[in-house]
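K.L.:
What follows is a predicted structure for the sequence shown.
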Amino acid sequence: MTREGTVGSLRAAIGEFDVAGVFDGIGRNDDDPSNACSCQVSVDGKTLVVDADGCDGNLATAPDCRQRVVDTLADRDANRIVARDTGLEYRYRGRGVELLVAAGRFVDRIDDRNERLASTVRRDPLSVVDELESRVTGASDLESESKLVDIVQSVDGYESVLSPTVGLTIGHYRLDPTVPDDARLRDVRGLETGSEVRIYERQRGVPQYALDIVDLSVSNEERTRLLEGYEAIAEGDVEGERAAERALEDVSDEPPNPVLKGVLTKHTSGYGVLEDLFADPRLSDVYVTAPVSQNPLRVVVDGESMATNVYLTRDGAKALASRVRRTSGRAFSRASPTVDATATLMSGPELRVAGITEPVSEGEAFAFRKRADDRFTLPALVANGTVPVDAAALLSIAVERNAATLIAGTRGAGKTTLLGTLLYELPPETRTVVLEDTPELPVDALQSVGRDVQALRTGGEDDPEITPEAALRTALRLGDGALVVGEIRGAEACVLYEAMRVGANANAVLGTIHGDGADDVYERVVSDLGVAPSSFGTTDLIVTVQSYRTAEGRTRRLARIEEVIGDGDDHRFEPLYELEGERAAPTGRIDRGESRLVDRLAGPAETYADVRQALERRANRLDSLAADGRTSPRDVAETYAEHRRSPERA
């Protein structure tokens, strides 16, 4: 239901274009002065398609336009009306089209019997509801009258029922400009792309994430330039990194408008409307659900799921599939209907992409997730309150001294982010081999500060990469050092734990796993993945992270650190840190001298007390880095190098 606060540029785009007055290209009376329309009308199945270049009108506000549409629909059915003008596409469907189709049927049946009523229905069907009701109550035998009455009674007005979705044709998307009547504006935010987003609370559903896209704010003349520039690039007349800028220069005597350049670039070399959505730093996920024309995109913002006002067209979904194939080099078709890849947006963020297509889905569907930020370090997590400084010190010392550590949590809890920060805590000379099916860990960032990190890509049996099991066996031969598994979820778990059990890898072993706490992880590793309980006992630490809601939105935190205490097949888990209020706090086990982990971390010439002193020094160092804002990978690496050269090493 349209109301104050509806997305501004959508309304402006709809308001400047009369889609309604152009539908009467078939069987119109050219002697009628109201038929001043230059549109071309065609029918594609159940879709009435209108080339409306140069027309002026609006189905919601122009009675003449409604009359023309109703007359056209008097002898045909349609379930959607599509109108196009200067690169914009408007789609009417649902109750609005049903209203006009019912009016057309009514006029076709009653025209000879009551010309006055038929003439009114052509122009203004909602105004005759009382008269139609009396006719139906009088036992009229016209089924079309009853149908029209039912529809008229169910709508509040033309603005609500005849509100089309609108989009830029070269962008392959449509935006719904309406706002639900139970919506309350929560937040408005401008995006770097020039677009704007509004978030509405809803009483009867998830929040609404309404995108007001910059594409629709340009003038007709500017859209014409966009279309000409797009064609130049599509035809191969202009190529290269500056293709959008050069194409716009070629079609205009003026320097390219930065807004037009950005719009053309994202729809030719970028990921289209995804560039706008992921320009919101709060947004982590975008879901494209098949069939795409019927389902709006869904997003996750600060951990909260929301429905958007954005729909992809079928061509838009196919364009995404093509771009994923082109950038990843991976097959994605009916013969290979699933894909797991990465994508890099124009603005820099990298995405993890999971896609499916026919025959396992009704068309293309995708899940896009923003990769973990490789700028995060452990001091950065201390600074933003994710990890308490004393808990961070324990993790730092444990990783540095080769503890086998699993990081657990549910989807979106921050497992990969925490694992990435812990890789900086490994000694600089440590050879590190990272196994991932889809790159998410900060390998490039680690290498940029001088760390010896080798990434090894894994895949399924049908993919060109080697299987996780084979990759793990290869990793164990790539050098004596730390072994990092991006996600432990399959047969590779048995190989990993067997290597740990027999001592094939004497250095740190780190990985993430889906689960909520040590008991949950044990059940998954032993019962689901088939690792022997005795092998599981080689795990030293299980660290659980979680996402939770605050007054400012969703955030992440360390929830628990548990040490594994076992003897043969029997294991128990003792918490060293657990939630106390909203933050993890020490349980006192370390201070009481009861931690077996702290005891194992002691070197040959060290005592339990020596490790506690090292923990205190490490906490002071992390706290100092966090307080001073020295949290970048380079700052952390340089500081750690200085401390390792110092006689007092922690």
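P.N.:
Cool, the structure landed.
K.L.:
Okay, residue 425 and residue 245: tell me how far apart.
P.N.:
Counting by C-beta to C-beta, to the nearest Å, the separation of residue 425 from residue 245 is 44 Å. Yep, even glycine has a C-beta here, placed from its N, CA and C like the rest.
K.L.:
which one of these two has more residues nearby?
P.N.:
Neighbour comparison, residue 425 and residue 245: the larger count goes to residue 425, with 23 against 19 (by other C-beta atoms under 10 Å).
K.L.:
unless I'm mixing things up, that one is touching residue 392, no?
P.N.:
No: using C-beta atoms under 8 Å, residue 425 is not in contact with residue 392, being 9.1 Å away.
K.L.:
Spit out the residues that contact those two alike.
P.N.:
Common contacts of residue 425 and residue 392, defined by C-beta atoms under 8 Å, 6 or more residues apart in numbering, comprise residue 378.
K.L.:
Do a quick rundown of the helices in the stretch 51-200 of the chain.
P.N.:
Using DSSP state H, counting those that start in this stretch, the helices of the stretch 51-200 of the chain run over residues 63-73, 95-110, 115-123, 129-137, 143-153, 158-161.
K.L.:
deepest of those, which one?
P.N.:
Among the helices of the stretch 51-200 of the chain, the stretch with the highest mean neighbour count (mean count of other C-beta atoms under 10 Å) is helix 63-73, at a mean of 24.
K.L.:
Any regions of the stretch 101-250 of the chain where pLDDT drops low?
P.N.:
For the stretch 101-250 of the chain, the stretches with pLDDT under 70 are 133, 135-146.
K.L.:
buried ones in stretch 230-238?
P.N.:
Neighbour-count burial for stretch 230-238, counted by 16 or more other C-beta atoms under 10 Å, picks out 230, 232, 233, 238.
K.L.:
Can you pull out the residues in contact with that stretch?
P.N.:
For stretch 230-238, the surrounding residues in contact (C-beta under 8 Å, 6+ apart) are 170, 229, 239, 243, 244, 246, 247, 250, 251, 264, 267, 268.
K.L.:
how does it look with 6 Å?
P.N.:
With C-beta atoms under 6 Å, 6 or more residues apart in numbering as the test, stretch 230-238 has contacts from 170, 243, 246, 247, 268.
K.L.:
Secondary structure, distance to residue 622 and neighbour count for the residues you listed - can I get that in CSV?
P.N.:
CSV is the format used below for these (DSSP: H, G, I helix; E, B strand; the rest coil; distance: C-beta to C-beta, whole Å; neighbours: other C-beta atoms under 10 Å):
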residue, secondary structure, distance to residue 622, neighbour count
170, helix, 50, 22
243, helix, 47, 19
246, helix, 50, 17
247, helix, 51, 28
268, helix, 46, 18
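K.L.:
Just give me the closest of the residues you listed to residue 279.
P.N.:
residue 268 (17.5 Å; C-beta to C-beta).
K.L.:
Name the nearest residue to that closest one, sequence neighbours excluded.
P.N.:
Of all residues not flanking residue 268 in the chain, residue 233 sits nearest, at 5.0 Å (C-beta to C-beta, 6 or more residues apart in numbering).
K.L.:
Need the three-state assignment for the one you found.
P.N.:
Classification of residue 233 by DSSP: H, G, I helix; E, B strand; the rest coil places it in helix.
K.L.:
Also the one 4 residues further on?
P.N.:
Local secondary structure at residue 237 is given as coil here, using three-state DSSP.
K.L.:
and the gap between it and residue 171?
P.N.:
21 Å.
K.L.:
Go ahead and name everything in contact with the helix of greatest length in the chain.
P.N.:
In the chain, with assignment by DSSP state H, the single longest helix is helix 608-628. For helix 608-628, the surrounding residues in contact (C-beta under 6 Å, 6+ apart) are 379, 382-383, 389-390, 392-393, 396-397, 593, 598-599, 601-602, 650.
K.L.:
List only buried entries from these.
P.N.:
379, 382-383, 389-390, 392-393, 396-397, 598, 601-602, 650.
K.L.:
Could you list which of those residues belong to helices?
P.N.:
Members of those lying in helices (criterion: DSSP H): 379, 382, 383, 389, 390, 392, 393, 396, 397, 598, 601.
K.L.:
Which of those sits closest to residue 629?
P.N.:
Taking C-beta to C-beta as the measure, residue 629 lies nearest residue 383 of these, at 7.4 Å.
K.L.:
The closest one: what's it in contact with?
P.N.:
Residue 383 sits next to 626, 631 when contact means C-beta under 6 Å, 6+ apart.
K.L.:
change it to 10 Å
P.N.:
Residue 383 makes contacts with 377, 389, 622, 623, 625, 626, 627, 628, 629, 630, 631, as judged by C-beta atoms under 10 Å, 6 or more residues apart in numbering.
K.L.:
Equivalent analysis for residue 474, please.
P.N.:
So residue 474 contacts 433, 435, 456, 458, 466 (C-beta under 10 Å, 6+ apart).
K.L.:
Of those residues, which belong to strands?
P.N.:
Filtering the contacts of residue 474 for membership in strands, criterion DSSP state E, returns 433, 435, 456.
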